[in-house]
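Asks: Sequence and predicted model, in that order:
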Amino acid sequence: MNLANKLTILRIFLVPIFMIFLLSKIPYGVPIAAGIFIVAAITDTLDGYVARKRNEITNFGKFMDPLADKLLVSAALISLVQMGRLSAWMVVVIIAREFTISILRAVAAAEGIVIAASWWGKAKTITQIIAIIAILLDNFPFKYINFPFDMIMMWVSVIFTIISGIDYIIINKHVLKY
């Protein structure tokens, strides 16, 4: 088990801990949950960097890294809906895109085709993480100047989610063979 895979497993283990702090009535639970989310998001960047730098890319990592990302982001988004801090339709759009592209990648993989992450996909992930952190932190520090940074970033992430999904489908339509 290499370091990159250990970081991926750590991210998966952080998901329930994040949710416990986020959804319980523990004092300062939400800011602690935000800190856990930030640490988990950093492990996402770090595990890929470590795997490439050390030339330790594994099939386990190729499978588990995107799964860990989807678990973390989905858990955060669904919890934010439950808390009344995010509209459900936005989360449905994001999760529907994730299912669609995951299935497209699985079909491609069955044919020996690897669908690499695109610029749009990376932008989608970055804006989702920024939006989630901003919402978790109750739009701090922007709330003091009455600027809805958290919701603007959420809208941007939804737009990037849609564009990246369409981009993946158009570029890889040959995989679908309809």
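Replies: Received it, and whenever you're ready, just let me know what you need. None of these values were measured; they are calculated from a predicted model.
Asks: Quick check, pLDDT for the residue nearest to the spatial centre of the chain.
Replies: Nearest to the geometric centre of the chain sits residue 73, at 4.0 Å (Cα atoms, centre = their mean). pLDDT for residue 73: 97.
Asks: thought it was touching residue 133?
Replies: No - look at residue 73 against residue 133 with Cβ atoms under 8 Å: they stay out of range, at 11.4 Å. Bear in mind the C-beta positions are built from the backbone N, C-alpha and C, glycine included.
Asks: what's the nearest residue to the residue nearest to the centre of the chain if we skip its chain neighbours?
Replies: What sits nearest to residue 73 in space, not counting adjacent residues and going by Cβ to Cβ, 6 or more residues apart in numbering, is residue 128, at 5.7 Å.
Asks: Contacts only, for that neighbour.
Replies: Counting by Cβ atoms under 8 Å, 6 or more residues apart in numbering, residue 128 touches 73, 94, 157, 160, 161.
Asks: between those, which is nearest residue 43?
Replies: Ranked by distance to residue 43 (Cβ to Cβ), the contacts of residue 128 are led by residue 73 at 13.2 Å.
Asks: Now the closest one: phi and psi?
Replies: phi -70, psi -40 (degrees, to the nearest 10).
Asks: distance between the host helix or strand of residue 72 and the chain's centre?
Replies: For residue 72, the element it lies in under DSSP states H and E is helix 59-82. Distance of helix 59-82 from its chain centroid, counting by Cα atoms, centre = their mean, to the nearest Å, is 6 Å.
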